[in-house]
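Student: Here is the input, now give the coordinates:
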Amino acid sequence: MLKKERINLKIISKLSFVILFAFLHVQVLYPQAGFKAGKIEIKVNKFGNIQLLIPSGQQNLLNIYRTAILVGTSPNQVFDYLNDSANEDTVKLGTAGGNFRIYGSFNNHYWNLPPEVLIKLEVFGWKNASYALLKFNILNRDTSVLNAINGLEIVPQIAGTPESDTVRYLPDSGIVDIFQGSHVGYKLLSYQLSSLKAFEYYDGYQVDSNFYSWLTHGMIDTFFTSNVADTTIDNGAVIITSQAPVSLLPDDSIIVYYALAFGNNLNEMISNINNAESKYIVITSVNDEKRVIADHIELYQNYPNPFNPSTNIEFHLPQDLHFVELKVYDILGREISTIISDYLPGGHYKYRWNGSGLSSGVYFYKLTVGALTQTKKMILLR
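Tutor: Below is the predicted model of the structure:
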């Protein structure tokens, strides 16, 4: 497939196109960072493309050729890997206790094509585990509000070949299952999947209008099998996932998590997805090691923010029992809602607050623990 991919450069010369296309060939072929854990190998190149390899005999066969973020704001404005992504922070690998973390960030400054976003990528892996967590922090760098539709572009080639790959959606678990003998699964963890489009690969599909139509497909395709009839062309499945639009103010961001897992059979893959989801629950409930060992009160920024109509509010309490109040106020200081008013032991807490029936605007949430208070601002945007 790589030899047929093209970049929509719009207004640059043919000579520049050839040079840049050759340059991208090199960057795709030679990943920036990677790790091996359990039965999987993950590689990420300098533009944020995530690849999954599975050991087979003496070599690791490529099972996922591409996993890359998509951010669409209009039919002519979609951030995608091939046409927009450029490196901002070098992709690096970190290890601790046998666990792995690939991190880096990517922007569209080189191509200067909207939307103006920054993508911060983290890929988490665990020793002896055949699953990973994909974390995308999407930041609005535009000067105006972006109504962003976020999703993934997935190009599989299970068992090293794209022919005969089958894609199906498992509604009971919310897993996108890709298989040809063995199985690779994806699950959107942080939001609800609103659209899933699968189609046959074709040369030149990577243009904004196509991506936007698939991001706004509005349906979940439940079954698709790649065509194997014509062996004279490159074929295989392409999968586009998406979630509901999110309004992002300038300099605001949204965090999106996906689980990625491998299994020799369906049950093994589902089990590994569940294991990844359990890691996600731990990571998002404590966020980092500081929350686990914190000896002070801390109120965290709500997410998503802006929100419509509900958002998550989290805080941490040190050990012992505390009388806690968590309240919401409007911009005039009038009390709108009491989320909690009770005695709580030390620990990390997360509450979902719903602003249904309220008008758009700035609100404040205030945490009171004894004589101590912390307040943060949030925005309801309808």
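Student: does Ile273 count as helix, strand or coil?
Tutor: Here Ile273 takes the helix state, with states given by DSSP: H, G, I helix; E, B strand; the rest coil.
Student: Now do the residue lying closest to it once chain neighbours are set aside against Asp172, distance only.
Tutor: Spatial nearest neighbour of Ile273, excluding adjacent residues (CB to CB, 6 or more residues apart in numbering): Ala261 at 4.5 Å. The C-beta positions use only the backbone N, C-alpha and C, and glycine is treated the same way. As judged by CB to CB, to the nearest Å, Ala261 and Asp172 stand 16 Å apart.
Student: List the buried residues of the helix or strand hosting Asp342.
Tutor: Per DSSP states H and E: Asp342 is located in strand 335-354. Buried residues in strand 335-354, counted by 16 or more other CB atoms under 10 Å: 339, 348-349, 353.
Student: Between these, which sits nearest Asp252?
Tutor: Of all the buried residues of strand 335-354, Trp353 has the smallest distance to Asp252: 17.6 Å, by CB to CB.
Student: State whether the closest one and Val328 are indeed in contact, as I suppose.
Tutor: Yes. Using CB atoms under 8 Å, Trp353 is in contact with Val328, at 6.6 Å.
Student: Quickly list what's touching both of these two.
Tutor: Both Trp353 and Val328 are contacted by 337, 339, 365, under the criterion CB atoms under 8 Å, 6 or more residues apart in numbering.
Student: Now do the same contact list for the second one.
Tutor: With contacts defined as CB under 8 Å, 6+ apart, Ile339 is in contact with 313, 326-328, 351, 353, 365.
Student: Pick out the most distant pair among those residues.
Tutor: By the measure CB to CB, the contacts of Ile339 have their two most distant members at Lys327 and Tyr351, which lie 11.5 Å apart.
Student: just the helices in the stretch 51-200 of the chain please.
Tutor: 81-84 (DSSP state H, counting those that start in this stretch).
Student: Can you show me the strands along it?
Tutor: Assigned by DSSP state E, counting those that start in this stretch, the strands in the stretch 51-200 of the chain fall at 59-74, 77-79, 86-96, 99-107, 117-125, 131-140, 146-156, 166-170, 175-180, 182-188, 193-200.
Student: Starting from the fifth one, tell me which strands it pairs with and how they run.
Tutor: Pointing back at strand 117-125 there. Counting by DSSP bridges, the strands paired with strand 117-125 are strand 99-107 (antiparallel), strand 131-140 (antiparallel).
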